[in-house]
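Student: Give me coordinates for this.
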Amino acid sequence: MAARQGISIAKLIRQSIDILLSRNAEPTPEDRYRRAAGRQGRFHSGRRDVAERHDEYLSEGYSR
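Tutor: Residues are numbered from 1 along each chain as shown. Just a heads-up that it's a prediction; the model follows:
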């Protein structure tokens, strides 16, 4: 692979480690916000009072 790319094995290893570490890095608060915001509106419960009764519904979900 290093020969095909025209780089040293050491450079290939460094690049591979960088990729591996970036994939396993802790998400930042901004990353978490973007992921959560991207899910808005994707799920429909059919209930219109979720904002007011979310604690009750969450408790019901965990007790199942």
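
Student: use CA for all of it now, contacts and neighbours both
Tutor: Will do.

Student: Can you classify I7 by secondary structure?
Tutor: Assigned with DSSP: H, G, I helix; E, B strand; the rest coil, I7 falls in the coil class.

Student: and the residue most central in space within the chain, what is it in contact with?
Tutor: Nearest to the mean C-alpha position of the chain, counting by CA atoms, centre = their mean, stands R35 at 6.1 Å. Shown in contact with R35 (CA atoms under 8 Å, 6 or more residues apart in numbering): no residues.

Student: residue ranges of the helices in the chain, please?
Tutor: Counting by DSSP state H, one finds helices in the chain at the ranges 2-5, 9-23, 29-38, 50-63.

Student: Mind putting these into CSV with distance to H44 and mean pLDDT?
Tutor: Shown next, in CSV, are these (distance: least, CA to CA, whole Å; pLDDT from 0 to 100):
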stretch, distance to H44, mean pLDDT
helix 2-5, 48, 95
helix 9-23, 31, 93
helix 29-38, 15, 90
helix 50-63, 10, 91
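
Student: how much space between the residue nearest to the centre of the chain and P29?
Tutor: For R35, the distance to P29 equals 10 Å [CA to CA, to the nearest Å].

Student: and what of I13?
Tutor: Taking CA to CA as the measure, I13 falls 30 Å from P29.
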